[in-house]
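need coordinates for the following:
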Amino acid sequence: MCHKQSPLSTEAETPPRDGRNAPPVPPGQSLLSGVRELVSGVDALYFSGRATIPNDLIARLEKVRQKAIDAHSPQGFTFGVLGVEMLPRGWGKYRYCFEHPYALFGVTQSSRLPSVRVQPRAEFLHGAGPEGTVEWVRTVLESELGPVLLTVGRVDLFTDLQGWDVSVDRRHEFTCRARSVHGYETDGAFNGLVFGDRKSHSIMARIYDKTVEIQSHGAHYWPMIWGDSYDPELPVVRVEFEIDRAALREYGLATPSEVLEAVGALWASLTDTWLVHRVPTSDQTRSRWPVTPAWEAVRRARIADEAHGIRRMYLGKTRGGVEGILPNLVGYLASFGAYTGAKDLKEVLPFLDFQLSRREAETGLSLEERISARRKKLGLP
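The predicted model follows:
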């Protein structure tokens, strides 16, 4: 029987790169040209599923959705084995959208779309690991819907590095199959390079300063993942590929097991042929420019299925969130103390308790209820 060769086959026409069979570099050890890998793996894993959606489930979803719309706030209900909250809005073409601290779900009866859509949260994915995330999603869906044909709608692969000096001015040094390349700076400092367009629903790559993103958007658990190899005095450069459904199908990949088994081969293919950083020469054919030592380090990234622990991930998220609001909180408490005539925290607390009780009586909403709602909004268990 003749089998069609996969683009990920080890017999592909692309010649093996120098050093490909070299022994792996131990974790944390310096790589080529001083570039050091901190961690690599799967950063996003989105699912679609086809299943039979019973009419009684739709009736239940519609009822709780209407409650959420009337209340202008999420409403709790049980989906299979999971307690979730229905949002008062849809999710794209999915009429029913509900969330859990671990994932966002969409459900539809439309025959033109997969029945369910699931987007696990990044902290859960890194905490449980890709394999654990797949099993959790499958268990939740099948506990309500029975057998589900699960496929991957998108997978993001990444590596985090230190010691690589990359800038917007150097974007001409990259050869890429994408037609568009965009560079971003903030106050003259490198912020990122984007290759391709997410609207293409194929492949997009980003190279950006992860430490800047953390300062802007949170996710303060990353230094815990980076571990002892991380130098807080140096920026962390992330190289990330977003591989959408269409590109996965071109590689012959659909199911979660197929995708996860192929992540190493996907990374090798993308860093060999789709995007490469090169040393400019006088040769007019840019694809013949030599590969930079830094990109060789990118190619050798250890794409691994590593579960960093769910509790640890959410602890990092919580710690980072507290650090983010603490300066403003201290300022507000100082102003509150000045207005009430208090001299220190012991004198501030009774005044604060009185004002909070008064506010609760006026609004009918307790601090406990506000805290609970905020935890759900922040995706905290």
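
for this protein, name the helix or strand with the lowest mean pLDDT.
Within the chain, confidence by mean pLDDT, DSSP states H and E is lowest for helix 310-340 among all helices and strands, at a mean of 68.

all helices for the chain, in order.
In the chain, the helices defined using DSSP state H lie at 55-71, 122-145, 210-217, 222-226, 245-250, 256-261, 263-269, 293-299, 310-340, 345-363, 367-377.

nearest spatial neighbour of residue 208, skipping sequence neighbours?
Once flanking residues are discounted, residue 208 sits nearest to residue 192: 3.2 Å by CB to CB, 6 or more residues apart in numbering. All C-beta atoms are positioned from the backbone trio N, CA, C, and that covers glycine.

check that neighbour and give its pLDDT.
Per-residue pLDDT puts residue 192 at 88.

out of the helices of the chain, which gets nearest to residue 79?
Nearest to residue 79, of all the helices of the chain, is helix 122-145, at 5.3 Å by CB to CB.

run the chain-centre distance for that closest one.
Put simply, helix 122-145 sits 14 Å off its chain's centre (CA atoms, centre = their mean, to the nearest Å).

could you check the angle helix 55-71 makes with that helix?
Interaxial angle of helix 122-145 relative to helix 55-71 (axes from the mean of the first three to the mean of the last three CA atoms, to 10 degrees): 130 degrees.

which helices and strands does helix 122-145 pack with?
Packing partners of helix 122-145 (3 or more CB pairs under 8 Å, 6 or more residues apart in numbering; DSSP states H and E): strand 36-50, strand 103-107, strand 116-120, strand 149-162, helix 256-261, helix 310-340.

between the first one and helix 210-217, how many degrees?
Spelled out, it's strand 36-50. 60 degrees.

what pairs with strand 36-50, parallel or antiparallel?
According to DSSP bridges, strand 36-50 forms sheet pairs with strand 116-120 (antiparallel), strand 149-162 (antiparallel).

where does the stretch 201-350 of the chain dip in pLDDT?
For the stretch 201-350 of the chain, the stretches flagged by pLDDT under 70 are 217-219, 304-324.

okay, now the unreliable bits of the stretch 1-150 of the chain?
Within the stretch 1-150 of the chain, the ranges that satisfy pLDDT under 70 run 1-33.

can we see that at 50?
For the stretch 1-150 of the chain, the stretches with pLDDT under 50 are 1-7, 9-32.

on that earlier part again, need the helices and strands packed on helix 122-145 in TSV with mean neighbour count, can you?
As requested, these are exported to TSV (neighbours: other CB atoms under 10 Å):
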stretch	mean neighbour count
strand 36-50	21
strand 103-107	22
strand 116-120	22
strand 149-162	21
helix 256-261	17
helix 310-340	14
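
out of the ones you listed, which gets nearest to residue 128?
Nearest to residue 128, of the helices and strands packed on helix 122-145 and by CB to CB, is helix 310-340 at 5.7 Å.

hang on, the earlier thing: pipe the helices of the chain into a markdown table and attach distance to residue 233 per row.
Output for the helices of the chain, formatted as a markdown table (distance: least, CB to CB, whole Å):
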| stretch | distance to residue 233 |
| --- | --- |
| helix 55-71 | 47 |
| helix 122-145 | 24 |
| helix 210-217 | 10 |
| helix 222-226 | 12 |
| helix 245-250 | 37 |
| helix 256-261 | 35 |
| helix 263-269 | 28 |
| helix 293-299 | 19 |
| helix 310-340 | 18 |
| helix 345-363 | 34 |
| helix 367-377 | 34 |
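
any idea how far residue 103 is from residue 69?
In this view, residue 69 and residue 103 are 22 Å apart by CB to CB, to the nearest Å.

what number of residues lie near the nearest residue to residue 238 once chain neighbours are set aside?
Ranked by CB to CB, 6+ apart and with sequence neighbours excluded, the top spatial neighbour of residue 238 is residue 210, at 4.2 Å. By the criterion of other CB atoms under 10 Å, residue 210 has 22 neighbours.

dump the residue contacts of residue 210.
Residue 210 is in contact with 160, 222, 235-238, counting by CB atoms under 8 Å, 6 or more residues apart in numbering.

again, only using 10 Å
By CB atoms under 10 Å, 6 or more residues apart in numbering, the residues touching residue 210 are 38, 158, 160-162, 192, 219, 222, 226, 235-240.

repeat that for residue 71.
Counting by CB under 10 Å, 6+ apart, residue 71 makes contact with residue 88.

and for residue 279?
Residue 279 touches 173, 289-293, 295, counting by CB under 10 Å, 6+ apart.
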